[in-house]
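S.K.: Got a sequence here, can you model it:
(2 chains)
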There are 2 protein chains.
Amino acid sequence: MALEACDIDAMAEVWEQSDRAVVVHPGWPMLRGWPQIAESWAAIFRNTNLIQFVITDEQCTVLGSTAWVTAQENILQATGATSESLSDSGSLSGSRAVVTNVFVHDGSRWRLVVHHASPV
Amino acid sequence: MALEACDIDAMAEVWEQSDRAVVVHPGWPMLRGWPQIAESWAAIFRNTNLIQFVITDEQCTVLGSTAWVTAQENILQATGATSESLSDSGSLSGSRAVVTNVFVHDGSRWRLVVHHASPV
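M.R.: Alright, predicted model coming up:
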C-alpha cells in the first residue's frame, strides 16, 4: 500500500485532494487541506526507512457514497538511518494506534477524506 | 450539551445505539458497541465534577445521510472532588484534543456513530 511503500504519488491517488480533506497523525495537530496533508506525509516518509502495519479489529461501514473504517494499527517503524545501515544508526520501534478513516466515492473510486490516527 | 451536563440519558439520545457505534476517548483504546460506549461515559462522568469545551476550527460536511465533523476541543475538567469541595481535594486541568465525529441520519434526526478524540 501507498503508506508502506512511502510513496507520495501513491498517497496522492488514495486521497481526495480537496480543502475538506483532514489528517491527524498520532500526537500531531489536525491538518486541513491536501497541500498540508501531502507535506506531512512527505515529512514522515523522509524520516522513515521502513514502516509496516498489522491491522486488527477492522470494521467498515458503507452508507451511500460515504464509507468509514475504524481499526487498530500495530506499527513497526524504522527511522533516521539509511536503508543500508539500519542496524548502525537507525531506530526500530513498535507502536499501536487507533484509526478512523472516512472515504467518499467520487463516481469511479473511493477517496480518503479523513484519516485520524491516535496513540493508544 | 449532554457531555457538559455529564448526563448519560442525554448521551443516549445523541448516540446511535448500535453495534457499529465506536468511541475513542483521548489516550483510550477503541471501544465498540453502545453498551461499552455507555459504560465509558458513565465512568468518565462518575469521576468528573465539571467539564467544559471550547470548540475551535470546526468543519462539517454532509453527504446524503452521513455527516462528519472535525474540530479542536479545548477542555477544562475538574475531577476527583465533590462539587462542594472542589478547591479542597479536586484537580482542575486543561487539555487539548482533536476530534472526528461521524453522524448518520436515521430518518428523523442525526445520531453519533463514531466519536474519535485524541490528545494533541
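
S.K.: so which residue of chain A comes closest to chain B?
M.R.: Checking chain A residue by residue against chain B with CB to the nearest CB singles out A:S118 as nearest, at 3.0 Å. The C-beta positions use only the backbone N, C-alpha and C, and glycine is treated the same way.

S.K.: What ranges does chain A have for its helices?
M.R.: In chain order, chain A shows helices spanning A:8-14, A:34-46, A:86-89, with DSSP state H as the criterion.

S.K.: Could you identify which of those helices has the lowest mean pLDDT?
M.R.: Of all the helices of chain A, the segment with the smallest mean pLDDT is helix A:86-89, scoring a mean of 54.

S.K.: Okay, now the unreliable bits of chain A?
M.R.: Segments of chain A classed as low confidence (criterion: pLDDT under 70) are A:81-89.

S.K.: where does it come near chain B, residue by residue?
M.R.: Applying CB under 8 Å from any CB of the partner chain, one finds that chain A approaches chain B through A:20, A:22, A:24, A:26-30, A:32, A:57, A:59, A:61, A:63-66, A:68, A:70, A:72, A:98, A:100, A:102, A:104, A:113-114, A:116, A:118-120.

S.K.: Name the residues of stretch A:29-46 that are buried.
M.R.: Under the neighbour-count criterion of 16 or more other CB atoms under 10 Å in any protein chain shown, stretch A:29-46 has A:M30, A:L31, A:R32, A:W34, A:I37, A:A38, A:W41, A:I44, A:F45 buried.

S.K.: Relative to the whole chain's centre, how far out is that stretch?
M.R.: Averaging C-alpha positions (CA atoms, centre = their mean, to the nearest Å) puts stretch A:29-46 10 Å from its chain's average.
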